[in-house]
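Peer 1: need a structure here:
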Amino acid sequence: MAGRIGILTGGGDVPGLNSVIKGVVYRGTENDFEVIGIRRGWEGLTHVNLDDGASEARYIRPLTRENTRTIDRYGGTVLHSTRTNPSKIKALPDFLAGGCFPQNGATWDLSSQVLKNIERLRLDYLIAIGGDDTLSYAARLDQVGVKVIAIPKTMDNDVRNTEYCIGFSTAITRATGAIGRQRTTVGSHERIGIFRIFGRDAGFTALYTAYVSSIRCCIPEYKVNLDKLLDLLITEKRNNPSNYVLLVISEGAQWEGYTVQYYGDADPYGHRKKASVGEALAIEIRRRIGEDSIVSDLTYDLRSGEPDFVDKMIATTFGNMAMDSVLAGRSGLMAALVNGCYAMVPIPDPKLGPRRVDIATMYNVERYRPNYANKAGLPIFLTRA
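Peer 2: Okay, here's the model as predicted:
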């Protein structure tokens, strides 16, 4: 046996994850590697008790060509996922109660347990698939010497060092389809249609959806003037023979004078849920200009079901690129698209935070629309000239 590879998926699921897993398993077994699936993301390396057969069966799943043969036909992740941050565990598993772990307030840092389990599982490499939160912990493992390969996935498309993250294309495909279907209802009632979409810190999903739907958008990177936005919307509505207008808005978007509203407890990475900015905007529209709106949340449906062609192709390729690095003995790298080309790049520095839309080249601040001009010569997902 050439070695043993562990693979996990963390954070929210997106279409295409199973294509990565299958690509790693098929390429790995062809080269005499054993591939071990770690279930439920980083939780699988913090909560597994390798001295308990039932716990090991819950969290550790040997992957073969036979049990991954058809998984790429479906969405989600066969390894399941959680938003677990091993450095901020709120409650210790029973078998670790009384253990000596660093504590910060009400949380424990189980990184030593993660390293212990990686050693006991005899993992030569760990492939982590996730967004900026999941990969921030992969970067930490890389810094302490674990051989890690990262693969970016998120509908927000906001992981640094890459122009593309798995799940982005399918999210846009689903969003534009939903908007297309709902045009008939918004038009029939002569309303303002507001489509709230994922994008906590970055507006790529709203921007690209607006681009192909030919509608306006509000994104977190630019705080719009509400009076100007409403003037643009009402003018467009009245110039439309069907007397309706559409707008797509990121969940993290703001306007001058609006403060984002949060609710619930923070997740393990410090994020709280945002109240619906779409509903807040609808209230302002009614109050200021007396128009009724239809608010539609385009959220979890965008990450459900099988991947589209682009996500399936890039996911399969990213999985094989990860194996290329394993076979070359390289680690601390992430599969990526750079200037429109496949590349292996350093795992992003967590301190830099998420990647954001470059307003100067991608967003028209006068029209609150994407920029459509001067695209010749640019890679399809490039964020700045």
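Peer 1: which ones are touching the residue nearest to the spatial centre of the chain?
Peer 2: Centroid check for the chain by CA atoms, centre = their mean gives T154 as the closest residue, at 1.7 Å. By CB atoms under 8 Å, 6 or more residues apart in numbering, T154 lies in contact with G11, G12, V14, G130, G131, D132, C165, I166, G167, F168. Where C-beta positions appear, they are placed from N, C-alpha and C, glycine not excepted.
Peer 1: which residues of the stretch 151-300 of the chain score low on pLDDT?
Peer 2: For the stretch 151-300 of the chain, the stretches with pLDDT under 70 are 270-271.
Peer 1: which residues in it form helices?
Peer 2: Shown for the stretch 151-300 of the chain, the helices assigned by DSSP state H, counting those that start in this stretch span residues 168-188, 204-213, 226-239, 277-289.
Peer 1: out of those helices, deepest packed?
Peer 2: The highest mean neighbour count among the helices of the stretch 151-300 of the chain, using mean count of other CB atoms under 10 Å, belongs to helix 204-213: a mean of 25.
Peer 1: contact partners of that one?
Peer 2: Taking CB under 8 Å, 6+ apart as the rule, helix 204-213 contacts 155-158, 168, 171-172, 175-176, 179-180, 195, 197-199, 216-219, 246, 248-250, 253, 302, 357, 362-363, 369-370, 372, 383.
Peer 1: Make a PyMOL selection of whichever of these turn out to be buried.
Peer 2: With 16 or more other CB atoms under 10 Å as the criterion, this PyMOL line picks the buried residues out of those:
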select buried, resi 155+156+157+158+168+171+172+175+176+179+195+197+198+199+216+217+218+219+246+248+249+250+253+302+357+362+363+369+370+383
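Peer 1: Inside strands: which ones of the contacts of helix 204-213?
Peer 2: In strands, judged by DSSP state E, the following of those are found: F195, I197, R216, C217, C218, L246, V248, I249, S250, Y363, R369, P370.
Peer 1: now those in CSV, with distance to N67?
Peer 2: Below are the ones in strands among the contacts of helix 204-213 laid out as CSV (distance: CB to CB, whole Å):
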residue, distance to N67
F195, 39
I197, 35
R216, 47
C217, 42
C218, 44
L246, 44
V248, 40
I249, 42
S250, 38
Y363, 45
R369, 47
P370, 43
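Peer 1: Let me know the closest of these to G187.
Peer 2: Of all the ones in strands among the contacts of helix 204-213, G187 sits closest to L246, with 9.4 Å by CB to CB.
Peer 1: Run through the residues that contact the closest one.
Peer 2: L246 makes contacts with I179, R183, V186, I192, G193, I194, F195, S213, I215, R216, as judged by CB under 8 Å, 6+ apart.
Peer 1: Pretty sure the third one sits against D292.
Peer 2: In this case it means V186. No. Applying CB atoms under 8 Å, one finds V186 not in contact with D292, separated by 10.4 Å.
Peer 1: Between these two, which contacts overlap?
Peer 2: The contact sets of V186 and D292 overlap at I192 (CB under 8 Å, 6+ apart).
Peer 1: Got the domain ranges for the protein?
Peer 2: 3-166+307-352, 168-304+358-370 (automatic domain parsing).
Peer 1: Relative to I21, which of the ones in strands among the contacts of helix 204-213 is nearest.
Peer 2: Distances from I21 to those, taken by CB to CB, are shortest for I197, at 26.9 Å.
Peer 1: Can you get me the start-to-end distance on stretch 121-130?
Peer 2: This stretch, stretch 121-130, spans 21 Å end to end (CA to CA, to the nearest Å).
Peer 1: I meant stretch 237-254, not that one.
Peer 2: 22 Å.
Peer 1: same check, this time on stretch 238-254
Peer 2: Its first and final residues considered, stretch 238-254 spans 25 Å by CA to CA.
Peer 1: what's the answer for stretch 143-154, then?
Peer 2: 23 Å.
Peer 1: distance between it and the chain's centre?
Peer 2: Remark: stretch 143-154 is offset 16 Å from the chain centroid, using CA atoms, centre = their mean, to the nearest Å.
Peer 1: Now it: buried residues?
Peer 2: For stretch 143-154, by 16+ other CB under 10 Å, it's V146, K147, V148, I149, A150, I151, P152, K153, T154.
Peer 1: Same question for stretch 107-116.
Peer 2: So, applying 16+ other CB under 10 Å, buried residues of stretch 107-116: T107, W108, D109, L110, S111, Q113, V114, L115.
Peer 1: So what sits opposite the residue nearest to H189 when sequence neighbours are not counted in the bridge?
Peer 2: Once flanking residues are discounted, H189 sits nearest to I294: 6.9 Å by CB to CB, 6 or more residues apart in numbering. Listed beta-bridge partners, I294: G193 (assigned using DSSP bridges).
Peer 1: Could you report the neighbour count for I294?
Peer 2: By other CB atoms under 10 Å, 17 other residues sit near I294.
Peer 1: Likewise for A138?
Peer 2: Other residues close to A138 by other CB under 10 Å number 27.
Peer 1: Secondary structure class of it, three-state.
Peer 2: Assigned with DSSP: H, G, I helix; E, B strand; the rest coil, A138 falls in the helix class.
Peer 1: how near is the nearest residue to it once chain neighbours are set aside to R174?
Peer 2: In space, and not counting its chain neighbours, A138 is closest to A128: 4.1 Å by CB to CB, 6+ apart. Per CB to CB, to the nearest Å, A128 is found 25 Å from R174.
Peer 1: between the domains of the chain, which gets nearest to P379?
Peer 2: domain 3-166+307-352 (2.8 Å).
Peer 1: Ends of the closest one, what's the gap?
Peer 2: 33 Å.
Peer 1: cool, stretch 35-48 as well?
Peer 2: Start-to-end span of stretch 35-48 (CA to CA) is 17 Å.
Peer 1: Run through the residues that contact the spatially closest residue to D267 that is not a sequence neighbour.
Peer 2: Using CB to CB, 6+ apart and skipping residues adjacent in sequence, the residue nearest D267 is R83, 5.1 Å away. By CB under 8 Å, 6+ apart, R83 lies in contact with G10, G11, G12, G41, D133, D267, P268, Y269.
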